[in-house]
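> My questions are about this predicted structure, shown below with the sequence.
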Amino acid sequence: MRIAVVGRAATPPLETHIEQDSLLEALGQPSDPGHAQAATPPPSEQYSAIHLFFEEASSTGLRQLDSLLSEIRATPHGALIPIIVEGAVTPHVQALANQWPGS
């Protein structure tokens, strides 16, 4: 699965690939609960959306996608950020992702 974040219009490049752990940390899930958050701008100022590209045709991959969606939505900043998923439709994706007609 590829993960990208879509930056604000003033943030080049518009879409940047990111690792899952880095994304969750930026959304407010610290990698080490004993450490204070780094002094980075909140994701609401960094990103305007999250774009997930599902490429694995397996039940394990679908479970990982569902798990990632739940983890994103459980973070303070990930609860409301738009998430676009391409390549998979599950009940979890339909419930937690923001899809537009034709996507």
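Noted; the coordinates are in hand.
> Please name the spatially closest residue to M1 (chain neighbours excluded).
Closest residue to M1 apart from its sequence neighbours, by Cβ to Cβ, 6 or more residues apart in numbering: F54 at 5.6 Å. To be clear about C-beta, it is placed using only N, CA and C from the backbone, and glycine gets the same treatment.
> give me the low-pLDDT residue ranges for the chain?
Flagging of the chain using pLDDT under 70 yields the residue ranges 7-13, 29-46, 100-103.
> where exactly do the helices run in it?
Ranges of helices in the chain, per DSSP state H, are 20-26, 43-46, 59-73, 91-96.
> Need those in JSON lines (columns: distance to V85 and mean neighbour count).
Shown next, in JSON lines, are those (distance: least, Cβ to Cβ, whole Å; neighbours: other Cβ atoms under 10 Å):
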{"stretch": "helix 20-26", "distance to V85": "14", "mean neighbour count": "17"}
{"stretch": "helix 43-46", "distance to V85": "18", "mean neighbour count": "15"}
{"stretch": "helix 59-73", "distance to V85": "7", "mean neighbour count": "16"}
{"stretch": "helix 91-96", "distance to V85": "5", "mean neighbour count": "14"}
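> In CSV: those, plus distance to V5.
Listed next are those as CSV, based on distance: least, Cβ to Cβ, whole Å:
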stretch, distance to V5
helix 20-26, 7
helix 43-46, 7
helix 59-73, 11
helix 91-96, 17
